Every structure is written in C-alpha cells, then in structure tokens.
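A.B. asks: Next input, structure requested:
(chains A, B, C, D, E and F)
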6 protein chains.
Amino acid sequence: MKEETKKTLAQVSTATLTLQLLKRGIRNTYMRGVAPLGPMAERLVGEAVTLRFIPMREDLSTPAILADHNNPQRVAIDTIPAGAILVIDSRGVADCASLGDILAERIKQRGGAGVVTDGGVRDAAAVVETGLPVFAAGPAAPASLAAHTPIDRDLPIGCGGVAVIPGDVLVGDGDGVVVIPKDIVDEVARDAFDQEDIEAFIKREVENGRSTIGLYPPDDGIRAEYAKWVEAGRPD
Amino acid sequence: MKEETKKTLAQVSTATLTLQLLKRGIRNTYMRGVAPLGPMAERLVGEAVTLRFIPMREDLSTPAILADHNNPQRVAIDTIPAGAILVIDSRGVADCASLGDILAERIKQRGGAGVVTDGGVRDAAAVVETGLPVFAAGPAAPASLAAHTPIDRDLPIGCGGVAVIPGDVLVGDGDGVVVIPKDIVDEVARDAFDQEDIEAFIKREVENGRSTIGLYPPDDGIRAEYAKWVEAGRPD
Amino acid sequence: MKEETKKTLAQVSTATLTLQLLKRGIRNTYMRGVAPLGPMAERLVGEAVTLRFIPMREDLSTPAILADHNNPQRVAIDTIPAGAILVIDSRGVADCASLGDILAERIKQRGGAGVVTDGGVRDAAAVVETGLPVFAAGPAAPASLAAHTPIDRDLPIGCGGVAVIPGDVLVGDGDGVVVIPKDIVDEVARDAFDQEDIEAFIKREVENGRSTIGLYPPDDGIRAEYAKWVEAGRPD
Amino acid sequence: MKEETKKTLAQVSTATLTLQLLKRGIRNTYMRGVAPLGPMAERLVGEAVTLRFIPMREDLSTPAILADHNNPQRVAIDTIPAGAILVIDSRGVADCASLGDILAERIKQRGGAGVVTDGGVRDAAAVVETGLPVFAAGPAAPASLAAHTPIDRDLPIGCGGVAVIPGDVLVGDGDGVVVIPKDIVDEVARDAFDQEDIEAFIKREVENGRSTIGLYPPDDGIRAEYAKWVEAGRPD
Amino acid sequence: MKEETKKTLAQVSTATLTLQLLKRGIRNTYMRGVAPLGPMAERLVGEAVTLRFIPMREDLSTPAILADHNNPQRVAIDTIPAGAILVIDSRGVADCASLGDILAERIKQRGGAGVVTDGGVRDAAAVVETGLPVFAAGPAAPASLAAHTPIDRDLPIGCGGVAVIPGDVLVGDGDGVVVIPKDIVDEVARDAFDQEDIEAFIKREVENGRSTIGLYPPDDGIRAEYAKWVEAGRPD
Amino acid sequence: MKEETKKTLAQVSTATLTLQLLKRGIRNTYMRGVAPLGPMAERLVGEAVTLRFIPMREDLSTPAILADHNNPQRVAIDTIPAGAILVIDSRGVADCASLGDILAERIKQRGGAGVVTDGGVRDAAAVVETGLPVFAAGPAAPASLAAHTPIDRDLPIGCGGVAVIPGDVLVGDGDGVVVIPKDIVDEVARDAFDQEDIEAFIKREVENGRSTIGLYPPDDGIRAEYAKWVEAGRPD
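C.D. replies: You can find the predicted model right below:
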C-alpha cells in the first residue's frame, strides 16, 4: 500500500472500513471472536505475514518441537519484517495460546506491527506490557503445543472466519479487526476517510438535536450543507 | 409503572429482581449474552420500545436501505419517547452491529433511557462516550446491514432468549439485563426493595463473622433481629 | 502440599504450570471458560473443596431449598477450611450464578482462599469488592436455583472441562485456572520455578535484540550463559 | 410464481437453485439446521406463509393458550391456503417442538404443501406418517409452549438464518431448504432447469471416464458437444 | 412405580408425558441431544440407576482402569437390576463413547431395560444388534477413557441437561427421553393415558376435515362428543 | 502401508483402532462431526491426499473459479491416485458443500477410495448412489464457493479437529473416521486384529451370561481360556 494509505488507515475506524468494503460487495471481512488484548494502546495497521497451525497430535506436538530451529512458528516470528503483522490461523481455539510474552517481545524488537490470532495468548498481562498491539480470542495459559502443531507460513489462511492472503492489509481498533484485500486498499482508505469526514459533520448536527432522517446517511441537501461547512473552515 | 417504582428500580439489583420473579414462577427473564458496553456509567431503567431485525439477504439489505426514510431502525430511533429503552432483536448475532455512535447519540438527544441488543455495537468506544447506557453482545465493526434486514418495530420480540413485550420494564446493571412484565412491575419492585433492605442487615452480620445458616435467607429469629435493628435506627 | 510449594505457586504463572504438566503427559488441566472476575487483586493458590450442582428441576429447585440447613451449597460455604478453594461444578452454565456477594463474604470470613466455578456470579461488583479471588464464567444475575439443584460436596467433579479431585491444588492468574494433581504438586512447583528463572534471563536477552532461535527454549550454550549470569549475581 | 415455474421447481435440486441464486449475488438463502423429517416422501415446493414464535415466559406461555381461538399458531394452521408452506420462526430451538401430528394432519387436510421450521417436531413418527413434507431441526417431545410463545403470522421472519418474506418460494429436498425471492423465482427456475440439463450430459461424460477439467463447468467446446447431443436426441 | 403404570408408560408418547409434566409446572424434563440409537426396536421404560463420568485427566484415565474391578462403570453395568435403565452423565461429550457392544450385551443379559447417555456409543452398529434400547448422542469410536474418568454411581446426576435422581422413571421413544419424578409417575401416566385417548378421537375428527379450533385442545362440546363416541364403542 | 495391513484394516473397527492409538499415547485421532453419508455401503480404508479451503471472500470466491483449470479442488479430484482418500479441510462448516455428485463420480472413476470432509455434501442422495464411501458433516445444498475458497493441496491439514498428514491412513465405519499416523499403521493394524480376536471370545462369554469383571478386558485366566478356545478350533 501507499505510505499515504497507511497514514489514512491509522485514522479511520474498522466500522467505516467494513462499510466501504460492503459497498464493494465484500461482506466477509471482519474477524469473529478476535478482540484487542488489554486496553487499546495503539491502533493496528500493517500487511499480513501468516502462520498456520493444524490440530495437535500427541506424536507431532511434543515439547521437542519447541527447540526445533525450523519450527514455522519460531521462524515466522524471528524473521517478521518491520511493519508486518503476524496473522495466525489457530482454528478459533480459544483455550490454548498461539504465543506468549517472550515471542511477542521478539516481534516487537524486530519492528513487527502486531499480532492477530483467533486463538488465545499466554502470559497475557506480560504481553500487554510489551506494548505490541495484539488481537486475540483472549488470555489462555496452555502453550500452543497443547492444541496445535505449527505447520507452515506465508500461505493464505483463515483467521476469525476471514480469508487472509499474505500482503493483505489488516486494521484493528476497539471494534476488532478488518482484512482489506491488498489490491483495493488505497481506494478503500481514501473513501473511508471521506466518509468519516462527512460523518463528523453529521455527528455535530445530531449533537445539536437534528433528526437523523435524511441526515444520516446524508442526502443531497446535507452534502451541500457539509460542503459549505468545510468551505467555512469547519466552524464548531 | 409508577414513578415510585422507577425510583426503586434504580436502586435494586438485577440479582434481586430475578429472584423476585422466580418466586412468582417466572424463570426466563434474564437475557443471555447481553452485558454493559464499557464501564457502567449509569444503571438502566425504562420501558421497552422494540425493533426487529431478520436475517440479511443480499437483495434486501443493500446500502440503499440506509437512506430509506421508512427504515424501521431509523424510525424507531428517531421517534423514541423520552425515558424509553430501545430493545433490538438481533437474533444473538454478536459479530455484526445493531447500531453505532451516531444513532446512539440521536437516542440520547431524544431522552431515550438506553439501548439493549443481543447483537454487537460499532464504534463502541464512541458509543460509550455518549454516556447512553447500552447493553449488548460486545463491540463489532460491521454495520447492521452486513447481517440483518430491519423489518418492523413496536411488536413483541425476543432478545437474549427472553420475551420482550413493548411496555415491559427493563433493568440493567453490571450483572446484565432483566425484563419485568409490566403488570407486576410495581409489586416486584416493592418486594425487591424489602429483600435488599433485610439483606443489608444480613451482610453486616456476615461481615461480623456470623454463619449464613439460618441467617441467609433469614429465618424468623433473624427477621425479629432485623426488625429491632431497623427500629434502633440501623446502627453500624 | 508443602508450605514452600505454596509460596512458589504464588509466584509462578499458570502458563508455566501448564507446560510443566504437559511435559509430564498431562494436557487436560486448564479450565475452559473460567476467568478472573474483576481486576486481579490477588493470585489464587489453594487446595480444592468441591460442590456439585445438577440441572434444575422445578420441583427440586424451589426457593424453599435456600432455607434448608442441609443445602450442600450452604454447608460447603459455611464449613470451608481456611486456605481452601471452593470449586463448583456448574456444568458450564454461564447465564446463572453459582453464588453471590453474601456467600462470597462468608467464605472470606472463614479464610477461604477463593472460589472457582464454570458458572456465573451474581452481584458481581459486590463480590469483587469483598476482595476474595473469584474465577468464573462472568457476571449473571439469576440465583443458582434458576438453573441448578445443589446436590453434594467433597466428591470429585468436573469444572471448566477439567477433573478436580478434592485436595488437588488450583492456581489462578490473569490467564485463568490450572489444576495440579496433589501427588505431583511439589515437583511441578519446583520445576516451574526453575523454568521461570531461566526465562527471566531469556526475556532479558530478547529485550536486548537477540534471536529466539536456540535461545528459547534454551540450548546448552544458553544454559551455560544463564549459569554464568546467575553466578555473576544476575547483572541487569 | 407461474404454474410452469412450480413444475420446474419440482424437478430441480436445491443444490442447483442455490448456485443460481449465488450467481445473482444472493448467498444467504439456504437454511441452516433444517432437514427433511423422515425419509423424503415428496419434494417440497410452495409459497411461504409465516408464523413467529418469541421466547417462552412462564406467565405468557401457559397451557391455557392452547385453547385460545386467536392463538396465531392455531389460526395460521387452520387457515393455511392450499399449496402454501407454513414457515415457522422457532429461533433455532431444536429441543422443543414447533408442532405435532394433529396440527400436521390439519395442514394436510387443508391442502398445505408442507411445513418448514428451525425448531423440532413432536410425535415425529406420526407426523411422518401423515405424508406431509416437513423440514425441521429434528424430533423433540416438548410442546411449543415449553420454549415459545406464538406471537403473530404473515410477517417477514427469519428461519434457519435466512430471511423469509410471505410469498417467497421455498424448495426442499434431501439437501435441505432454499428460499427464492418471489420476484426472481421464474428466471431462477428456468436457469436452474437449463443448468441441470447440461449437467446431465456432463455427468454422463464423467461416468464414461472423462476428466472434469474443462468439462465441469462446461467450456465452449463442451457446450457445443452438448448441443449436438441434444440435437441427436440425447443418445445414451 | 405400580406395574400398571409401567404398562401405561409403554403406550403413551414422550410428547404427551412432557405436556403432563408441564401442566404440573415441570418444564425441564426432556433431555437435549439424546436420541434413539438405530431404528427404534422397542420403547424404553424403566427406573434409573446412575453412573457419573468426570473429565479425563491423563494420569487418572489410563488403559489400566479398564481392568480395575472397582471401576464404577463396570460395577454399575455388572450389577444392574432387571428392569432398570443405566443413565450416564457424560457431560454432553458427543465425540467419545460412554460404552460399547460388549457392555451393552452384558446389560441385556442381566435384564436391564436400556441405556441413556448424553455421550456417544462405540461399535454402534453392534450395540443396535443387541436389541437393547439405547438412547445417546450418536455413534463415536473412542472408548470412554479418551474423554472421561468413571467416578461413582447411584448418585443424582445430570444427563442431557435434566436432573436424574436414582429411581426416577425414564421413558424413551422416537422423540427422545423424558424423566418423570418417581413420586408423581403414577398420576402422570394415568393422565397421559386419558389425554391420548381423547386425542385419538380428535385426530379422527381432523382426518375427517374438521377445524382444530375448539377441537384441539377439546372444549366442553368436544368432550361431550368424545364421551358419546366412547359410549358408542368407538366406531371408526 | 503393507498390503496385509490394508486387508486387516478393512476388518477391524474404528473403536478398536482408537483404543490401540490411545494405548500408544495418541488420543486426538478421531474426527469430530464427521459421519458416513447414507447407509454404509463399504468400509473406508486408504491413504490421505489433502485439499484445503480457506474462508470465502466475495472477490476471491466467484463462480469464475469453478472454470479455473488450476482450481486446487478440481486438480485434487482430477489427479487423485487409485486407492487414495481425498481429505478436505472445510473448517467444520456444515452448511456448505465441499463437493457434489459429479466430482464424487469423477473420484470413483479414478479409483479413489473415498472422500472425508468436515463440511457438507451437495446432491447428497446422488453422491450416495455413486457408491463411493463419503464421510461428511451431512447434506448441504450450497456449492463450496458459498463459504470457501479452494487454496492448495497435498499439505498437512486439520479435518474434524484432527491432524491429517498426506499419506496418513484413514479408516471409516459406522462410528466415524480415525486417522492413523503412517509410520505406526502396520503395528496398530496388527494389534487391533489381535484385540478383536480375543474380544470375539469375550463377547461369546458375555452372551452366555458371564460377568464382565475380569473378563473384559481379559485377565490372565481369560487369556488362557481364549488360547484353549483358539486351539480347540473356536467351537461355538
């Protein structure tokens, strides 16, 4: 995405972005069961790198794999590009962690933009302390090998019921995470910005007691009023 | 309900109210999956007006309906009476919003007492900032048309697995939301008040190290002690 | 358990403990759907006493049982030993309370270490105020008799999908609750302590920008570095 | 719908119909959790009349309502037009019946085309014996008042997660039930017929060992072959 | 229960029985997720003996317990009284068996009346061949120790979300299983018989094209007609 | 696997195989929510080839992909080796099909051993008619693109909550599907055979009225009796 797009995405809400995508016929773009871990420090914006877990089998998912230098979970984390988001397909398993505080710290050190998983996070309080934006199903003590076998990375995955293609752009705020297909991210960001700009005017009108009928969404009259208000320097 | 009832309901807990209803044979009165959005600013008390969503179908639930002046969601919100609670049947769909901050602000402007939905809320942080008491399944970015078609209002609905008849009284606190049938609300409120009054005495005794056996619920001896304590001006 | 074990368990995380148990072949030890109620005041450590609910039947679970001096719920609470944790099998029913503030206060008065239930808690805000560590499915207004009949105590039960034998040791923190079989609790605690000690060194290295490959889990080289660091008095 | 459409719909599968709807951008049209009750006697085709249940409340949903001449469930059944399908919004409650054998027999006597509910059916064996096509969540003994209050009819509802507007056309076979918006039913039926016609040719080719690549869906070459085969009188 | 009651219960449906219980204020009596295994050979009627499983823990639930002569599962099965039904609390775990064909055969040999579990059954086809009536969540290959530890017997349990007290009477047919409290079973059976007798008349009338309004449930006029019809020797 | 192993697996039950795996410490091997489609024609035995779906996104999962010659679903099916089983990761989505009758027929033509999916199957009746053993979540009308995007093949996947590595051996019968790691399949098959052989003796004894205590599982005495019985030519 363009640098400008990234800046814009850091300001617009996931609520606005999902509506822009829906207007383009894309409804399945909001992750189910994925929420910010801890109080939102920072909004999440970045491009996806992916990691895939498959279900644990006791002979595959032994403590020995933790020490395996080719373990895809460890490699994905230890090679994450600056600005990227690690997106993990944990098959929605909320009662097992996808990672913990040491790995989160490593991502932070490498300049990763954050983590998104539809699984749990262990040592969740310590993960929150790292300051890295993490979106997950919630805290969960067991290490990933309790329920998962890490299997590969950099492939398209599902997360929270949504397709994630490496390079897709993810945005996360207090409402959760939206996935934006990389090829339309610039126009979606631009239109989201425009939508929020007029909605600021609309909200001001509502706060002044005006009915929402005709106002929200804005009909032509309101659009004209908005244009005037912008022209007038957006008086309070 | 009587004005006095409303005042009483603003003081008693949903825990007490559900027990009073159960004593009258009404067990199915507490909403499942509905919690206060954000830190509880204010308790919720009011009479229900209702809005009903049915499942989205792509040809029915298009962005165009947002601008429809007869959209029941918009009409319900733009005509809500002061003191009323908008109760929305969102069929328990947690990953789609029932409304967002602009519509919440409009309800607030009209003097609505709050919103209860078994669906999500978008721009949840901004909704919390309006100060309007909102009880919901949690934050969710997608606009209502992602999962719903708004269909009618002022009809009996289900919300959180509980029947809501327009005019029924809803009370919400940190434990969630209870629905009180309108024809018994006055007596339920009164008995809830009495129950909490004696429980204040009981809790004091427990804090003083007394066994709960016989004390809670109070047997005749305890009731006599309580009466004396009240008579004595409720000494600490 | 030994007094020393108890002290150790008050310092190590459930994340570490579940891994130690997994290394011993015990994977099913972390409770599903059980989280701290309110902000974590104090970590939970103690030995289990148990209470079992079966499903409500309207003729069994009447308001009259609340006053029954032999009601197992009331007896379990009124006889809880100091330092013990009351663990309640609520069959995962999140929309009904297992207990409320008066009973929580009674447990506190008796020196109970806390409560763990896979059901809800009523008057949850008041329960949090007691300061007693409570882990549960969340707040829920209805009293236990809305969904349960209290049936017996001091028997093995399931809670959160995990077996709990009276006397087993439970530890709870922000990630949830783990159950440790009583006969291995001393060694598990000791090894958990050792694991966390070396992980403190590892985290420091990661914070200094070191790769996690080889470092976490530590290979022999890292173990040697750690030994030297310990020897050197753990310099910052 | 046209009489010819009805005949066509009696021959094409719900698999084909859902694909035709998806090609028109309508994906949410197949009911979840709704299957034929008993062995499929007869395919289901007809126009929807609707009945809505809301959750039971003990004071609303008493045995007395069974005798109420205005009970919407009874009125809907006793006035069902010939050829219509009674579609019931049972909120997906599988463990309570929406109706039983006496009411199913009444629908049959009136010439109703069938029943579709996302709830259960009681006396299911006897219902199957009536020969009326019934699609439901499965057998369930309790009468509807155990979980529901019948509230109104002839309104748009949700059933199996799909919107049903009175007059919409439902088709049911072994794969379940699809809802076709009334205004496009004629063209959908026609195109479904055409699709199945060419698929008969395709299946014959596959049975003769031909690869599906290029064949299914048919490319231009296959379409030409098909045209010739039709012209040739569809030889075996 | 009286011998006569047992005979009556072998003729009346669970649909009728749940309604009779509901009329007595007992709504939570029908098991969720429990259905006949295989085609219904024989209706199930008998008094409950109970078995309780708690969740598997790898150190408790080892293959060794299968050979333990005090294993409560084995003892419960090997001592089942003639005419009794073994009711198993499997916590609704559908993907693990509660028992298999050898144990089912043993129950049959001892004259047990059947098995009810809210878990699975292994070697399900062979279990069906024994002819023993079994109601369960469905087939599931893994032996009980994959998910359970057998813990005790002859205690009150929950099964399918319903309380079962040893000695309670269970009836099962194609609609599932109902639990009747032992102290009211005689009157419930008698009233169920009477209800079904008049419903036979009602169904005959419906088959003759009569409206169900007023007929079902029968008003006084219909009751008089029914009495005459009975007097007349129930002509066809 | 050895040819002999394949023959053995065609005779032993999934119930026995899961127990043999559990004895080797492998508990997570039985697929959840996957059952034979239609009456079991033939047992399923074969080696896995895999296909992976990720969630549908409207811009990725369009009708156009059906005609794409590189669509992994079509390639997987059109290149399936004789004797192999196509195992599909459908993420447990029961209300959308993984494939239909034309593709099932193609697999049959190529000599594929069967299909296993944790999703649905469309035109289910026609699929059953092909005679190909198919294990699935059940019938579902919508084509795979309604919920899925086919993404790759021949990679390890999850199916029914179980890890499937290409080449692993799957066995399916009326109880469902078990996955056997390829490197232990020979010994598991052999031991399963031996277990079933002695269980045939045990069942005969139970049918003769013998207690299961000591008999099942067999203690040393029973093993001696069994050996004699085998020696004696297994008399009836």
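
A.B. asks: touching chain C at all, stretch A:137-146?
C.D. replies: Yes: Stretch A:137-146 reaches chain C (CB under 8 Å from any CB of the partner chain) through A:138-143, A:145-146. To be clear about C-beta, it is placed using only N, CA and C from the backbone, and glycine gets the same treatment.

A.B. asks: List the buried residues in stretch A:134-148.
C.D. replies: Across stretch A:134-148, burial judged by 16 or more other CB atoms under 10 Å in any protein chain shown covers A:134-148.

A.B. asks: what's the most distant pair in those?
C.D. replies: A:Phe135 and A:Leu145 (22.0 Å; CB to CB).

A.B. asks: Point out where chain A drops to low pLDDT.
C.D. replies: A:41 (pLDDT under 70).

A.B. asks: If we go by neighbour counts, what in the helix ranked longest in it is buried?
C.D. replies: For chain A, the helix with the greatest residue count under DSSP state H is helix A:185-207. In terms of neighbour count (16+ other CB under 10 Å), helix A:185-207 has its buried residues at A:185-186, A:188-193, A:195-196, A:198-199, A:201-203, A:205-206.

A.B. asks: Which part of chain A gets nearest to chain D, residue-wise?
C.D. replies: A:Gly25 (7.4 Å; CB to the nearest CB).

A.B. asks: Can you tell me the element the closest residue in space to A:Val188 that isn't next to it in sequence falls in?
C.D. replies: Spatial nearest neighbour of A:Val188, chain neighbours left out: A:Gln20 (4.9 Å); criterion: CB to CB, 6 or more residues apart in numbering or on different chains. Secondary structure assignment for A:Gln20, by DSSP states H and E: helix A:14-23.

A.B. asks: Could you list every helix and strand that that helix packs against?
C.D. replies: Helix A:14-23 makes packing contacts with strand A:169-173, strand A:176-180, helix A:185-207 when contacts are defined by 3 or more CB pairs under 8 Å, 6 or more residues apart in numbering or on different chains; DSSP states H and E.

A.B. asks: Burial check on A:His69, number of neighbours?
C.D. replies: For A:His69, the tally of surrounding residues (other CB atoms under 10 Å in any protein chain shown) stands at 10.

A.B. asks: and the gap between it and C:Ile213?
C.D. replies: Distance of A:His69 to C:Ile213, given as CB to CB, to the nearest Å: 5 Å.

A.B. asks: ok, now A:Pro217?
C.D. replies: A:Pro217 sits 52 Å away from C:Ile213, going by CB to CB.

A.B. asks: How about the contacts made by A:Val75?
C.D. replies: Going by CB atoms under 8 Å, 6 or more residues apart in numbering or on different chains, A:Val75 touches A:69, A:153, C:213.

A.B. asks: With distance to D:Asp95 and secondary structure added, can I get those residues in JSON lines?
C.D. replies: Shown next, in JSON lines, are those (distance: CB to CB, whole Å; DSSP: H, G, I helix; E, B strand; the rest coil):
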{"residue": "A:His69", "distance to D:Asp95": "52", "secondary structure": "coil"}
{"residue": "A:Arg153", "distance to D:Asp95": "43", "secondary structure": "strand"}
{"residue": "C:Ile213", "distance to D:Asp95": "52", "secondary structure": "coil"}
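
A.B. asks: And the contacts of stretch A:210-217?
C.D. replies: Residues contacting stretch A:210-217 (CB under 8 Å, 6+ apart): A:199, A:202, A:205-206, A:221-222, B:66-67, B:69, B:74-75, B:77-78, B:102-103, B:106.

A.B. asks: Correct me if wrong: the residue nearest to A:Val188 contacts A:Ala192.
C.D. replies: Yes: counting by CB atoms under 8 Å, A:Ala192 is a contact partner of A:Gln20 at 5.0 Å.

A.B. asks: give me every residue that touches the closest residue to A:Asp191 other than its chain neighbours.
C.D. replies: The spatial neighbour of A:Asp191 that comes closest, neighbours along the chain excluded (CB to CB, 6+ apart), is A:Gln20 at 5.2 Å. For A:Gln20, the contact set (CB under 8 Å, 6+ apart) comprises A:188, A:191-192, A:195.

A.B. asks: biggest separation within these, which pair?
C.D. replies: A:Val188 and A:Gln195 (10.3 Å).

A.B. asks: so A:Asp219 sits right up against B:Leu66, yeah?
C.D. replies: No: here A:Asp219 does not reach B:Leu66: they are 11.0 Å apart, not a contact under CB under 8 Å.

A.B. asks: For those two, indicate the residue with more neighbours.
C.D. replies: More crowded of A:Asp219 and B:Leu66, by other CB under 10 Å: B:Leu66, with 17 against 13.
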